[in-house]
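1. fold the following and give me the result.
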Amino acid sequence: MKTIKLALALSAVLLSPLANADASKGDHTEALQLAVDHPTRSPANVARDKYRNPVATLAFFEVKPDSTVVEISPGGGWYTEILAPLLAAHGTYYAAHFPADSTSDYYKRNRAAFVEKLAANPIYNRVQLTDFAPDNSSAIAPAGSADVVLTFRNLHNWYSNGGDDGMVAIFKDFYKALKPGGVLGVVEHRLPADKMTGEWMKSGYFPQQLTITLAEKAGFIFDSSSEINANPKDTADHPGGVWTLPPVLRLKEQDKEKYLAIGESDRMTLKFRKPVTE
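-> Coordinates of the predicted model:
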């Protein structure tokens, strides 16, 4: 009992002043900034903020402190470190990670690391862990419950395994989880239209127009795009694909300073909406 009380008390300390953020206000920039500045974030993740622009990105996707948000494939938890404290007091955060019953060693290893991360800090006590993988039948969240579904830099992986039909099926899963009027937010490495030739799928980049087309096939309405995460220095034609750039730096020391100077990839930031009436 003492352990539970201590954890709850620590959670309250970690959440303040986010716990007092007014979720009814129209402008949630302050609450988003507080979450981004939360002391539990790792320094390595904070260093990526200049490329990933989390405050502006989440604001564009209409994420609020009282939202119900589903993040698809949260990986090591870069956005978890922001969304968990943002939503802990007034909202709901579903982290749809690799399935618990997967036979893939990669899936099992990554999910286990994420579970360990959640267990290491009380700020994650209210994170609801669900399952997601292409062709997996588990619900990422209760149907019609989510205000926002988010996916960051995942489309190229899904498309390489399932093509057009596989991607439409995935978008339909997101559609099912959203409330009418809910938002699907997509950030992805952007393939220039003139580079959609040859083996472009191996590059890690993905075409913006194809994203829009496939989301619309799943029933979404394309709402708007933003250049928040654009990087004009990225030519999208690197010898090791998008992974040539930081943070991966696939070529290691070869031309390292050149790729560090470019920074992370040029990214499309797209907002779709589930129709209010069908």
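
2. what's the distance between residue 212 and residue 44?
-> Between residue 212 and residue 44 the distance is 33 Å, computed by C-beta to C-beta, to the nearest Å. From N, CA and C alone the C-beta is placed, and that goes for glycine too.

3. neighbour count: the two, which is higher?
-> residue 212 (17 against 10; other C-beta atoms under 10 Å).

4. where does the more buried one sit, in terms of helix or strand?
-> In the assignment (DSSP states H and E), residue 212 maps to helix 208-217.

5. mind checking what secondary structure residue 186 has?
-> strand (DSSP: H, G, I helix; E, B strand; the rest coil).

6. who's it bridged to?
-> residue 151, residue 270 (DSSP bridges).

7. just the pLDDT for it.
-> Looking at residue 186, its pLDDT is 98.

8. wait, what's in contact with it?
-> Applying C-beta atoms under 8 Å, 6 or more residues apart in numbering to residue 186 gives the contacts 151, 155, 211, 215, 268, 269, 270, 271, 272.

9. what's the answer for residue 110, then?
-> Taking C-beta under 8 Å, 6+ apart, one finds 75, 76, 97, 98 in contact with residue 110.

10. show me which of those residues is closest to residue 256.
-> Nearest to residue 256, judged by C-beta to C-beta, of the contacts of residue 110 is residue 76 at 22.3 Å.

11. look up phi and psi at that closest one.
-> Phi and psi for residue 76, reported as degrees, to the nearest 10, are phi -80, psi 0.

12. show the pLDDT at it.
-> The model's pLDDT for residue 76 equals 97.

13. over to residue 7?
-> The model's pLDDT for residue 7 equals 44.

14. tell me where the stretch 51-200 of the chain has helices.
-> With DSSP state H, counting those that start in this stretch as the criterion, the stretch 51-200 of the chain has helices at 54-60, 80-87, 105-119, 155-177.

15. circling back: quick one, the helix holding residue 212 and helix 155-177 angle?
-> Put simply, helix 208-217 runs at 30 degrees to helix 155-177, going by axes from the mean of the first three to the mean of the last three C-alpha atoms, to 10 degrees.

16. which strands and helices sit next to helix 208-217?
-> The helices and strands touching helix 208-217, judged by 3 or more C-beta pairs under 8 Å, 6 or more residues apart in numbering; DSSP states H and E, are helix 155-177, strand 178-191, strand 221-226, strand 267-273.
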